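*Asks:* Please find the sequence and the predicted model below.
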Amino acid sequence: MTTERKCRMQAKQVFGVVAATAALAGFSSVAHTDGDWGKYQVGDLRSGYTYAEPETRAIQDDDFENPAMLTLDYGAELWSAKDGEANKSCADCHGDAAKSMKGVGARYPVYYQPWGKLINVELRINECREKFMKAKPYKYESNEMLGMSAFVKYQSRDMPVNVDIGGPSKDFFLKGKEFYFQRRGQLDMACKHCHEDNAGNMIRANLLSQGHSNGFPTYRLKWQKVGSLHRRIRGCNSQVRATPYDYGSDEYVNLELYLAWRGRGLPVESPSVRN
Amino acid sequence: MTRKISTARVTRRHVLVLTGAAAAVAGTGFLPSIAAADKAALDAAIKKTIGDANVQSGRITLDLPQIAENGNTVPIGVEVDSPMTANDYVKSVHIFAEGNPNPQVASLHFTPASGAAKASTRMRLLKTQNVVAVAEMSDGSVYRETVEVKVTIGGCGG
Amino acid sequence: MASAKPRIKVPKSAVKGEVVEIKTLISHKMETGLRKDKDGQVIPRQIINKFTCTFNDKVVFSADWHPAISANPYMAFHIRATESGKLEFTWHDDNGETYSKSANLAVS
C-alpha cells in the first residue's frame, strides 16, 4: 500500500465521523501527501490533476487511453467538414489548427468588440458558424461543440494559461470575481468556500480541488463523457442548492475569465480526465 | 448507472447514512441480506460459466485500485501465469463483480497466439465489493482470485 | 456521434516472436438497461456485447462484455508476432451493428 493510499483511507475514516454528525456541507481536513507534481503545480497553484487518484491520472497521462480523445477526434473531423449555406469549413478560413489555434485555449475568454462583452471558445465557435459559415449553432453541450472546443483548446496543450484582464475586459473580470465570492443557494455558499478555504479537504467522500479551469472540457468519470466548464459550474451551483445559470450565460463567461486568471500559469490540459 | 437512480430517490438522511457506512470502510456492502443475495447470484453465475470444475487458487494476478475514486470507471488488469503454448494456454478469464446488479462483467478469450494471458479494461462497480476472476486453462483446470475494491460515494459526485 | 468510433493502437513493427500490446477504445454509451429516464421509463439496454481481434483471419483474442463494462469501452491485450499480416478488430452492438477497424503489423 502506498503512503498516499493509506492517507486516503484515513481520510475516509475521518470523513465517516464527520458524515455521521454533519451538515450536508461538512468539511473534514486531511493530511495530504504532497508529491512532486511537476508541470501540474505552479507555485501554490495545483491543477485538479494533483487531486485525482493515481488510476484517474493514468487515464489522462496516455492520450490513447483518454476517452476524451474520441470526442476530440470527432472535433478534428468537423474542423475540415464543410457546413452551412456558405459551404465552408473551419479549415477553409483557419487552415491548420495546430498553427492557427495555438494559444487560443490559453488566452480565452477575451473581450469581443462586436458584442461589447466577453466571448469564450464555445461562443466563438458558434459565432463563426452563424456569421461566416451560415450554419446552425451547435448546442452548447453537444458532442459537436465538445469535440470542437476540445480540439481547439488542445492546440494550446501545455501552454500556460494567460488571460488579459485589463482594458475592456476589466469590468467583466470584476463581475466574474464578484460571482466567485458571492454566497448563493440554500446552502449559502460561494465558490471560494470550497475551492479556496477548503481545497485539499474532504467534502463528504470527495477531495476538494482548487477548482481550476485549465483542463476543460474534461472527461469526467461521473458523467462517463466529456463535459464543458459551464456544465461543471452548473453542477456546483446546483449542489449549493442555487439555480444554475444557462450554458454560455454572461455570468458564467465572466466567471470563466476570473477562473482562468486565478489559475494563470497552469498548463492547458484540455481535454483532461477528472473524477 | 443505477447509482444515479438510487441517489436521485433517496432522502438526504439516507444519503448521510449510506455515505457514512461506505466511508467508514465497512467493506461488506450495506445490508447483510443484500450481501448474501449477491454471493448467491455470484456463485450461480460462476457455476453457469464453468460448471462443477474443481476450483484452485493461484496463478491469477488482479490489478485493481484498493479504493476506486468513481464506480463508473474502475480500471482492471488481469494476468494469468501460463506459457501460452499450443498445448498449455489460458482459454478464458471470466470477471465477476459480486455486488453489481448482474455479477457478470466480461469474459476474455485467449489463444496460444495471444502470447500472454494479460489484458486490461475498465468496469463499473455499484458499491464496495469483491471482484472475482476465474481462469479456465486448456487442460481443464480452473483457478480463482478475489480482490476487494472500495468504491467512493461522491460528495460532489452525488 | 452518429455511430461508434473506434481507436486502436498497434505497434507498426515487431520482432518475430515478440509479444506486443494492443490497445483499443471505442465511443459508446454502454447503456445498462437499468437506468430510468425522467418519466420513470426504463432506458433500454444497448451495449457492445462482443469484441473480436483476428490476425490474418484467425481469432487471436475475443471478449464478451456485459453492462458492467464502462462507457467508451477500453480493451488492451497482447498478441505474439509470428509473421507480418493484418489485424482486424470488430465490435458487436446489441442493435445488430458492427464497427470495425484494421491495422497492419510488420514482423521482421
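*Replies:* Looks like it arrived, so ask away.
*Asks:* tell me the mean pLDDT for stretch A:236-253?
*Replies:* Regarding stretch A:236-253, the rounded mean pLDDT is 97.
*Asks:* Please see if that stretch touches chain C.
*Replies:* No - Stretch A:236-253 stays clear of chain C (C-beta under 8 Å from any C-beta of the partner chain), getting no nearer than 15.4 Å. (C-beta placed from N, C-alpha, C; glycine too.)
*Asks:* Format the CA atom coordinates belonging to that stretch as PDB.
*Replies:* Output of stretch A:236-253 as PDB, limited to C-alpha atoms (Å, rounded to 0.1, in the frame of the first residue of the first chain):
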ATOM      1  CA  CYS A 236     -21.500  23.200  -8.300                       C
ATOM      2  CA  ASN A 237     -24.300  25.800  -8.200                       C
ATOM      3  CA  SER A 238     -27.000  23.000  -8.000                       C
ATOM      4  CA  GLN A 239     -25.100  21.400  -5.200                       C
ATOM      5  CA  VAL A 240     -25.300  24.500  -3.100                       C
ATOM      6  CA  ARG A 241     -29.000  24.500  -4.000                       C
ATOM      7  CA  ALA A 242     -28.800  27.500  -6.200                       C
ATOM      8  CA  THR A 243     -30.500  27.800  -9.600                       C
ATOM      9  CA  PRO A 244     -27.800  27.400 -12.200                       C
ATOM     10  CA  TYR A 245     -27.300  30.000 -14.900                       C
ATOM     11  CA  ASP A 246     -27.600  29.000 -18.600                       C
ATOM     12  CA  TYR A 247     -24.700  27.400 -20.600                       C
ATOM     13  CA  GLY A 248     -22.800  30.300 -22.200                       C
ATOM     14  CA  SER A 249     -24.500  32.900 -20.000                       C
ATOM     15  CA  ASP A 250     -22.700  36.200 -19.300                       C
ATOM     16  CA  GLU A 251     -22.500  35.300 -15.600                       C
ATOM     17  CA  TYR A 252     -20.500  32.100 -16.400                       C
ATOM     18  CA  VAL A 253     -18.400  33.600 -19.100                       C
END
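*Asks:* does it come close to chain B?
*Replies:* Yes - judged by C-beta under 8 Å from any C-beta, stretch A:236-253 comes into contact with chain B at A:236, A:239.
*Asks:* Of all the residues in that stretch, which ones are buried?
*Replies:* A:236-237, A:239-240, A:242, A:244-245, A:247-248, A:251-253 (16 or more other C-beta atoms under 10 Å in any protein chain shown).
*Asks:* So which of those residues sit within helices?
*Replies:* A:236-237, A:239, A:251-253 (DSSP state H).
*Asks:* Find the pair from these with maximum spatial separation.
*Replies:* The largest separation in these, counting by C-beta to C-beta, is between A:Gln239 and A:Val253 at 20.9 Å.
*Asks:* Look at C:Thr90 and say how many residues are nearby.
*Replies:* 16 (other C-beta atoms under 10 Å in any protein chain shown).
*Asks:* what's near enough to touch residue 72?
*Replies:* In the absence of a named chain, chain A is used. Going by C-beta atoms under 8 Å, 6 or more residues apart in numbering or on different chains, A:Leu72 touches A:147, A:150-151, A:154, A:271.
*Asks:* To clarify, I was referring to chain B.
*Replies:* Shown in contact with B:Asn72 (C-beta under 8 Å, 6+ apart): A:221-222, A:224, B:1, B:124, C:70-71.
*Asks:* one more time with 7 Å, if that's ok
*Replies:* If a contact means C-beta atoms under 7 Å, 6 or more residues apart in numbering or on different chains, then B:Asn72 has A:221-222, A:224, B:1, B:124, C:70 as its contacts.
*Asks:* Please tell me how far B:Gly71 sits from A:Ala52.
*Replies:* As judged by C-beta to C-beta, to the nearest Å, B:Gly71 and A:Ala52 stand 15 Å apart.
*Asks:* Likewise for B:Lys91?
*Replies:* Separation of B:Lys91 from A:Ala52 (C-beta to C-beta): 37 Å.
*Asks:* Between these two, which is the more surrounded one?
*Replies:* A:Ala52 (24 against 16).
*Asks:* Please verify my assumption that that one contacts A:Glu269.
*Replies:* No - at 11.2 Å, A:Ala52 does not count as touching A:Glu269 under the criterion of C-beta atoms under 7 Å.
*Asks:* which one of the buried residues of stretch A:236-253 is nearest chain B?
*Replies:* A:Gln239 (5.9 Å; C-beta to the nearest C-beta).
*Asks:* so what does the lowest-mean-pLDDT helix or strand in chain C touch, helix or strand wise?
*Replies:* Counting by mean pLDDT, DSSP states H and E, the weakest-scoring helix or strand in chain C turns out to be strand C:13-14, with a mean of 93. Strand C:13-14 sits against strand C:98-107, with contacts defined as 3 or more C-beta pairs under 7 Å, 6 or more residues apart in numbering or on different chains; DSSP states H and E.
*Asks:* Name the surrounding residues that touch the strand it packs on.
*Replies:* Residues contacting strand C:98-107 (C-beta under 7 Å, 6+ apart): C:3-4, C:6, C:8, C:10, C:12-14, C:16, C:26, C:81-92.
*Asks:* who in chain C is up against chain A?
*Replies:* C:1, C:5, C:7, C:9, C:23, C:25, C:27, C:71-72, C:74 (C-beta under 7 Å from any C-beta of the partner chain).
*Asks:* what's the pLDDT at residue 76?
*Replies:* Since you didn't name a chain, this refers to chain A. 97.
*Asks:* The intended chain is chain C.
*Replies:* 98.
*Asks:* Does it touch B:Lys118 like I think?
*Replies:* No - taking contacts as C-beta under 7 Å, C:Ala76 lies outside contact range of B:Lys118: 8.7 Å.
*Asks:* With neighbour numbers in mind, choose between the two.
*Replies:* Taking neighbours as other C-beta under 10 Å, C:Ala76 and B:Lys118 compare with B:Lys118 leading, 24 against 17.
*Asks:* Would you map the helices across chain B?
*Replies:* Taking DSSP H as the criterion, chain B carries its helices at B:2-9, B:12-23, B:32-50.
*Asks:* any low-confidence regions in chain C?
*Replies:* C:1-2 (pLDDT under 70).
*Asks:* Could you check how far the residue nearest in space to the middle of chain B is from A:Glu65?
*Replies:* Among the residues of chain B, the one closest to the centroid is B:Val131, at 2.5 Å (C-alpha atoms, centre = their mean). Taking C-beta to C-beta as the measure, B:Val131 falls 20 Å from A:Glu65.
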